[in-house]
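Asker: Have a look; sequence and predicted model below, questions after that.
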Amino acid sequence: MENIVLYLLALVIPTIASININTCYAKYKSISNKKKLSGFEAARKILDENGLKDMYVVEVKGNLTDHYDPTQKVVRLSSDVFHGETIAAVAVAAHECGHAIQDKENYAWMKFRSTIYPIINFGTNMAYILLIVSLLLQIVDFLMIAVVMIFLSLIFQLVTLPVEFDASKRALKCLKTYDLVSEDEHEGSEKVLKAAALTYVAAVLSSILNLIRLLSISSRDN
C-alpha cells in the first residue's frame, strides 16, 4: 500500500505542476504587454544591455520549447514567445536571456551542470541498457539499476534548481531595470516564472519519491 501511494504521488505531483504552468502560461499569453514588445525584442534588449550584442535570438518550433543553447551561444524562442507581444512571451524570453548572462559570467552552478551532464547522460544511458539486458537475460537485479538511473537523474535535477531559479531572478531584474514591463505586468511575469520553476521542483520531488519506493521494494525483497 505504501509503495502504491508513493508511486501515485510521483505521478500526480509533476502532473499538477504541468497543469499549473500551462494554465498560468495560457492566461498571460493572452494578455498583451503595454509596450507592445515581442519576446524577440525583449530578448534583444536584454542581451544588448549585457554586452551580448553578437548573440543570436532565433525562432524554434513547438510550445514552451524555449531554451538557451550554451554550445552554440544562441537563445532559442518558440514561435509564440518569439513573435508574441504578451506578458508571458516577455517573461519567458527574459528567463532564457538569464541563462545567457549566467554563461557569460561563468555562473558556478551552470558550469557545474555543464560539467557533469556528459557523465550523468552516459551513466543514465548505460543504466537503461543494463536494465534492458537484465529484463531479457534475467542476470542483473533490475531494481538496483532503476535506482541508479533515478539517482543520476536526481543529481542533475538538484543541480538544475539553482540554475533555473537564478535565471528567473535575473530575468525579473532585467524586466524592471530596462523598463520592459509595467509594475502590474511585473507581477504577472513573476507568476509565469514561478510556475515554470515549480515544474523543476516537482521533478525533484517525483524522483525522490520513486527512489524511496524502489529502495523500499529492494529492501523488502532482500
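Answerer: Yep, it's here.
Asker: where do the strands sit along the protein?
Answerer: With DSSP state E, the ranges of strands along the chain come out as 56-60, 67-69, 74-78.
Asker: least trustworthy helix or strand in this structure by mean pLDDT?
Answerer: Least confident helix or strand, the chain: helix 108-137 with a mean of 86, by mean pLDDT, DSSP states H and E.
Asker: all helices of this protein, in order?
Answerer: In the chain, the helices defined using DSSP state H lie at 2-29, 39-49, 79-83, 87-104, 108-137, 142-177, 183-221.
Asker: Quick check: chain neighbours aside, which residue is closest to the spatially most central residue of the chain?
Answerer: Residue closest to the average C-alpha location in the chain (Cα atoms, centre = their mean): residue 200, at 5.8 Å. Nearest in space to residue 200, with sequence neighbours left out and distances taken as Cβ to Cβ, 6 or more residues apart in numbering, is residue 164 at 5.2 Å. Every residue, glycine included, has its C-beta placed from N, CA and C.
Asker: Just give the number of residues close to the one you found.
Answerer: 19 (other Cβ atoms under 10 Å).
Asker: related to what we said a few turns ago, out of the strands of the chain, which one sits most buried?
Answerer: Comparing the strands of the chain by mean neighbour count (mean count of other Cβ atoms under 10 Å), strand 74-78 ranks first with a mean of 22.
Asker: tilt between it and strand 56-60?
Answerer: For strand 74-78 against strand 56-60, the angle by axes from the mean of the first three to the mean of the last three Cα atoms, to 10 degrees is 30 degrees.
Asker: one step back: identify the residues contacting the residue nearest to residue 200.
Answerer: 196, 197, 200 (Cβ atoms under 8 Å, 6 or more residues apart in numbering).
Asker: Among the residues you listed, find me the one that's closest to residue 39.
Answerer: Checking the contacts of residue 164 against residue 39 with Cβ to Cβ, the nearest one is residue 196 at 14.2 Å.
Asker: tell me the pLDDT at that closest one?
Answerer: With respect to pLDDT, residue 196 has a value of 94.
Asker: what do you get for the one 10 residues further on?
Answerer: pLDDT, residue 206: 93.
Asker: Contact partners for the residue nearest to it when sequence neighbours are not counted?
Answerer: In space, and not counting its chain neighbours, residue 206 is closest to residue 10: 4.6 Å by Cβ to Cβ, 6+ apart. By Cβ under 8 Å, 6+ apart, the contact set of residue 10 is 206, 207, 209, 210, 213.
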